[in-house]
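1. With the input below, show me the fold.
(4 chains)
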2 protein chains.
Amino acid sequence: MNEQPKAMGRDMAVEEMLCFDLYSTHHAVGQVYKPLLAPLGLTYPQYLVMLILWEGDRLTVGAISQRMHLESSTLTPLIKRLETQGLVTRKRDRADERKVRVTLTETGAGMHQAAKHIPDCIMEAFGLPLADLVKLHAVLGTVRAALLKQPIEPQS
Amino acid sequence: MNEQPKAMGRDMAVEEMLCFDLYSTHHAVGQVYKPLLAPLGLTYPQYLVMLILWEGDRLTVGAISQRMHLESSTLTPLIKRLETQGLVTRKRDRADERKVRVTLTETGAGMHQAAKHIPDCIMEAFGLPLADLVKLHAVLGTVRAALLKQPIEPQS
DNA sequence: TGCGATTTAATCGTGTGCGATATATGTTGC
DNA sequence: GCAACATATATCGCACACGATTAAATCGCA
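-> Residues are numbered from 1 along each chain as shown, chains lettered A, B, ... in the order given. Next up is the predicted model:
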């Protein structure tokens, strides 16, 4: 039981670091998603955008950006790739020409059915009872909130 | 309390999904690291490689690859950038010319001191009591193991 | 010994991600 | 009305990250 994150000046191996847990578990999730999303021709971030759009159409880039915590510099090319694949269209908002509204095509909307099974596959892959997943979800929510409120100080 | 990951066919908002927790918390950690690593001129993955090397020198690309769960196609250019910055050297192993051994320069070794304070800053940013961090570390370890042993099936 | 299989890194193309910056549209104050 | 400011998206350069492929060195076994 010497594998506990302590810090307090002591050097830790990367495997003991919580940030590395997040880093590597995140990557592992991506690897599980890959074969599930491959038949749809989607990457994981693209899948997230589709999930958001399936929930409600005609969103602006900014709205999607807020949900995903991504910059426009990331989302704009990503959404353009979805457009190239014929899954969405991008149109300027009539009322406010600065905004771009992203709308599902019929193909994009239809893909929803073909993706219905994915969440259950992923939950199964986590290999934990539901109660533990709920707890983990709550803890990560708390941690993310704490991290995001961190003041961005150039150096200490 | 309706924000529980259930799946079972029901559509979930991205914010309810455990994978999204990992995705977004991982990004949030990166944002906290950025100002801490900027004075050292390191990115987060570069910092991880340096941590591993500070622990023990003269590692092969493959050894680092295993520790970080990264491909050589990711590590090779990353390590070359560390070399360009004068932090490491890359030399072919005499005994086995296939292997490349990565060694710290004096500058690279010396940077260890300047980075000592970082882990404590990060742990503080997580904003959880130590006991909770230990638990989270354990759970994520279990989850990662479950995900990694997932058979990579083209589709279900 | 010698040749096929394996191991180890490197290379290439594609897709995230970000920060800094640019451009166009909207809003506000005067 | 129009100048100053604010907002929304796009563009650019850089750094990860992977899969597929390649090239070189080593190993194994006939």
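2. mind listing what residue A:107 touches?
-> Residue A:107 sits next to A:86-87 when contact means C-beta atoms under 8 Å, 6 or more residues apart in numbering or on different chains. Bear in mind the C-beta positions are built from the backbone N, C-alpha and C, glycine included.
3. Within the helices and strands, which one has it?
-> Assigned by DSSP states H and E, residue A:107 belongs to helix A:106-115.
4. Run through the neighbouring helices and strands of whichever helix or strand comes after that helix.
-> Toward the C-terminus, helix A:106-115 is succeeded by helix A:118-126 as the next helix or strand (DSSP H and E). Judged by 3 or more C-beta pairs under 8 Å, 6 or more residues apart in numbering or on different chains; DSSP states H and E, helix A:118-126 is in contact with helix A:18-37, helix A:130-148, helix B:18-37, helix B:130-148.
5. next SSE after the third one?
-> Beyond helix B:18-37 in the direction of the C-terminus, DSSP H and E gives the next helix or strand as helix B:44-55.
6. now for that following helix, which elements pack on it?
-> Against helix B:44-55 (3+ C-beta pairs under 8 Å, 6+ apart) you get helix A:18-37, helix B:18-37, helix B:61-68, helix B:72-84, strand B:100-104, helix B:106-115.
7. Can you check which of these gets nearest to residue A:149?
-> Proximity to residue A:149 (C-beta to C-beta) singles out helix B:18-37 among the helices and strands packed on helix B:44-55, at 9.8 Å.
8. what angle separates the closest one from helix A:130-148?
-> 30 degrees (axes from the mean of the first three to the mean of the last three C-alpha atoms, to 10 degrees).
9. Can you mark which positions in stretch A:43-50 are buried?
-> Using 16 or more other C-beta atoms under 10 Å in any protein chain shown as the test for burial, stretch A:43-50 gives A:43-44, A:46-50.
10. how far away is the residue nearest to residue A:114 when sequence neighbours are not counted from residue A:50?
-> Of all residues not flanking residue A:114 in the chain, residue A:40 sits nearest, at 6.2 Å (C-beta to C-beta, 6 or more residues apart in numbering or on different chains). Distance, residue A:40 to residue A:50, using C-beta to C-beta, to the nearest Å: 8 Å.
11. could you dump the helices and strands packed on helix B:44-55 to JSON lines with distance to residue A:133 and mean pLDDT?
-> Compiled in JSON lines, those are given as follows (distance: least, C-beta to C-beta, whole Å; pLDDT from 0 to 100):
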{"stretch": "helix A:18-37", "distance to residue A:133": "13", "mean pLDDT": "95"}
{"stretch": "helix B:18-37", "distance to residue A:133": "6", "mean pLDDT": "95"}
{"stretch": "helix B:61-68", "distance to residue A:133": "26", "mean pLDDT": "96"}
{"stretch": "helix B:72-84", "distance to residue A:133": "29", "mean pLDDT": "98"}
{"stretch": "strand B:100-104", "distance to residue A:133": "38", "mean pLDDT": "98"}
{"stretch": "helix B:106-115", "distance to residue A:133": "35", "mean pLDDT": "96"}
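12. quick one, which of these is nearest to DNA strand D?
-> helix B:72-84 (2.9 Å; C-beta to the nearest atom of the strand).
13. Do the next helix or strand after the closest one and DNA strand D come into contact?
-> Next helix or strand after helix B:72-84 toward the C-terminus (DSSP H and E): strand B:88-92. No. Judged by C-beta under 7 Å from any atom of the strand, strand B:88-92 and DNA strand D are separated, with a smallest distance of 7.7 Å.
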